[in-house]
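> Test case, fold it:
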Amino acid sequence: MAFDRMDSATYLASLLAKSFSRALQERGQKLGFAPGQFPVLLELWSEEGLTQRQLLDRVDIEQATMANTLARMERDGLIHRKKHPTDKRAQQIFLTDKARAMEAEAKAAAIAADQSHFSDFRHFERELMLEYMRKAIVNGARS
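Predicted coordinates:
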C-alpha cells in the first residue's frame, strides 16, 4: 500500500498548524506578540500569578521552549516575574499593562485567523471539524 501524504492526518495537521500559525503571526505581530506566546497569554489572561511549572502543565510544551518563550515575553514587555511567596525556587508570572491592554485585540486576531481558514465552511462543517480535532487531541493524549 503506497503512502499518500494527502491522506495522512498527521501530515495535514502539520500543514494546517503552520497555516494557522502564519495567519496568527501576521495579525499578532502588529499587536506585539508571536504565535508561540499566544497560549501563554491565554492562560495568564485567565489566571495571573502562575508559575512556569503550572504554565508548562497547561500549555503542554517542552521546558526549554517555555523558558525561551517567557524570556522573550519578558524582553518584549509582556510579562514580569515575582518571587513566589512560599516556594523560594519558583517565580510567579504576571502580565504587564501592555499585555493586559492587548487582550481583546489579540483574541480578535485569533478569531480572524480562524475565520480566514473556515471562510468557505458552513457552520455545521466548522463545528464538526472542531469536534473531530478535539477528539483527535484527546485520543493522542491517551497514547
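
> Okay, now the unreliable bits of the protein?
By pLDDT under 70, the chain has no low-scoring segment.

> Domain-wise, how is it divided?
Domain assignment for the chain, taken from automatic domain parsing, gives 1-32+102-143, 34-98.

> Could I get those domains in CSV, plus columns for mean neighbour count?
Every C-beta, even on glycine, is put in place using the N, C-alpha and C of the backbone. Formatted as CSV, the domains of the chain follow (neighbours: other CB atoms under 10 Å):
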stretch, mean neighbour count
domain 1-32+102-143, 12
domain 34-98, 15
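
> And the residue nearest the centre of the protein?
In the chain, the residue lying closest to the centroid (CA atoms, centre = their mean) is residue 39, at 2.8 Å.

> Tell me which residue of the protein is furthest from the middle?
Outermost in the chain, CA atoms, centre = their mean: residue 1 at 36.4 Å.

> quick one: it from residue 16, how far?
24 Å (CB to CB, to the nearest Å).

> ditto for residue 4
Taking CB to CB, one finds residue 4 at 17 Å from residue 16.

> just the helices in this protein please.
Assigned by DSSP state H, the chain shows helices spanning 9-31, 38-46, 52-59, 63-75, 97-101, 103-117, 123-142.

> out of the ones you listed, nearest to residue 84?
helix 52-59 (10.2 Å; CB to CB).

> for that closest one, packing partners?
Contacts defined by 3 or more CB pairs under 8 Å, 6 or more residues apart in numbering; DSSP states H and E place helix 52-59 against helix 38-46, helix 63-75, strand 91-95.

> Switch these over to CSV; also include distance to residue 130.
Shown next, in CSV, are those (distance: least, CB to CB, whole Å):
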stretch, distance to residue 130
helix 38-46, 16
helix 63-75, 25
strand 91-95, 27
